[in-house]
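Student: for reference, the sequence and a predicted model appear below.
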Amino acid sequence: MPIINSSKTDPNKILPMTYLWARQHYKDGIANNWTPEEVSMQKDVEQWKSPQVLSDEERRLILWNLGFFSTAESLTANNIVLAVYNHVTNPESRQYLLRQAFEEAVHTDTFIYCCDTLGLDPDEIYNMYQTIPSIREKDEFVVDLTRSVLDPGFNTEGLENVQQFVRDLVGFYVIMEGIFFYAGFAMMLALKRQNKMVGIGEQFEYIMRDESLHLAFGCDLINTIKVENPEIWTQAFQDEIVELITRSVALEQRYAHDACPNGLLGINADQFSEYVEYIADRRLERIGLPRVYGRQNPFPWMSQSTDLAKEKNFFETRVTEYRTGASLTWD
């Protein structure tokens with residue numbers, strides 16, 4: 001049974017499985033199960049209320065990242081439920097998509113938890129995709145790239161339609177979740193490394209671990225469609241994908257400079273921009289395209305933030321990390 005263009009309404013005949021990688025991503029998602037309420041934010045509340053702990057620029061950076069992620073997660077969930085699940089017809093892949101949709105709901109719940117706990121203005125947070133130009137540009141870029149796939153009359157039959165579906169997958173998995181999220185992740189985890197807003201930082205760590213799995217699934221999905229539909233992978237289409245990714249890097253770099261114009265904690269916007277180029281090269285390679293930037297990772301500590309196997313004090317962490325952490329490998 002191919003991964004697309006099979007029956008969309010047959011019973012979910014998941015056995016025997018065709019794509020074991022999809023099943024493994026599902027199991028890894030289960031292993032990383034978490035909810036925001038498990039993370040204490042008492043210290044975050046104290047720091048947020050204290051004018052001495054956080055600078056105005058750090059507060060602004062936190063608000064911007066909450067604003068971007070709150071809408072981006074919603075857009076991603078809509079795409080999974082309304083587009084990707086409809087056109088990916090393989091049962092074990094659909095099972096993973098159901099898991100991912102749940103995780104997007106958890107991420108949305110995380111931003112509700114943060115707003116409620118810190119007493120933030122939800123209108124300010126949830127309208128930043130309209131009021132902050134560099135956030136609006138990122139959201140509009142992905143939505144415009146994938147708009148036709150949400151058309152109820154769209155199907156994945158024929159070369160051009162399969163290419164359009166792959167554009168959608170690149171837009172949300174590679175660009176939104178694999179590039180647009182990562183400068184924000186680095187900013188929030190840089191604060192956490194300085195013992196600032198540790199509760200939010202820990203939640204962002206868990207979100208990043210989920211997103212690493214989403215990215216891995218999306219790239220495997222794209223690569224499988226390429227193998228099963230080799231006629232789509234023309235040089236012109238490859239060049240188009242590279243151009244889309246380089247445009248997304250420029251948008252994320254603009255956001256990095258807007259959100260962190262003067263730097264913080266010894267890290268500046270140029271370093272965030274270099275990090276975006278570094279991860280963009282990794283995303284390109286993951287779907288069989290050449291690197292563009294050749295950057296080294298300016299933040300090697302970011303990989304440590306996705307390592308569930310690292311040791312923590314038993315009374316300061318979740319028991320599930322000891323049960324499942326060793327089984328997880330992160331991109």
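Tutor: That came through fine. Numbering: from 1, shown residues only.
Student: what's around residue 292, how many residues?
Tutor: 15 (other CB atoms under 10 Å). All C-beta spots, glycine's among them, are computed from the backbone N, C-alpha and C.
Student: so who does it touch?
Tutor: For residue 292, the contacting residues are 242, 245, 246, 277, 280, 281, 284, by CB atoms under 8 Å, 6 or more residues apart in numbering.
Student: how about the secondary structure of it?
Tutor: Secondary structure assignment for residue 292 (DSSP: H, G, I helix; E, B strand; the rest coil): coil.
Student: for residue 86, same thing?
Tutor: At residue 86 the chain is in helix, as set by three-state DSSP.
Student: now it: how far from residue 168?
Tutor: Here the criterion is CB to CB, to the nearest Å. By it, residue 86 lies 11 Å from residue 168.
Student: these two: which is more packed in?
Tutor: Looking at residue 86 and residue 168 with other CB under 10 Å, you find the greater number of neighbours at residue 168, namely 22 against 18.
Student: show me what contacts residue 260?
Tutor: Counting by CB under 8 Å, 6+ apart, the residues that residue 260 touches are 57, 61, 187, 267, 268, 269, 272.
Student: sort out for me which of those are in strands.
Tutor: When strands are assigned by DSSP state E, not one member of the contacts of residue 260 lies inside them.
Student: including distance to residue 141, pLDDT and neighbour count, could those residues go into CSV?
Tutor: Compiled in CSV, those are given as follows (distance: CB to CB, whole Å; pLDDT from 0 to 100; neighbours: other CB atoms under 10 Å):
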residue, distance to residue 141, pLDDT, neighbour count
57, 26, 92, 14
61, 22, 94, 21
187, 20, 92, 25
267, 25, 83, 18
268, 24, 88, 16
269, 20, 90, 21
272, 18, 93, 25
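Student: adding pLDDT, neighbour count and secondary structure, write the contacts of residue 292 out as a markdown table.
Tutor: As requested, the contacts of residue 292 are exported to a markdown table (pLDDT from 0 to 100; neighbours: other CB atoms under 10 Å; DSSP: H, G, I helix; E, B strand; the rest coil):
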| residue | pLDDT | neighbour count | secondary structure |
| --- | --- | --- | --- |
| 242 | 98 | 16 | helix |
| 245 | 98 | 21 | helix |
| 246 | 98 | 14 | helix |
| 277 | 98 | 20 | helix |
| 280 | 98 | 25 | helix |
| 281 | 98 | 18 | helix |
| 284 | 98 | 20 | helix |
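Student: let me know the closest of these to residue 82.
Tutor: The shortest distance between residue 82 and any of the contacts of residue 292, using CB to CB, involves residue 245 and amounts to 23.7 Å.
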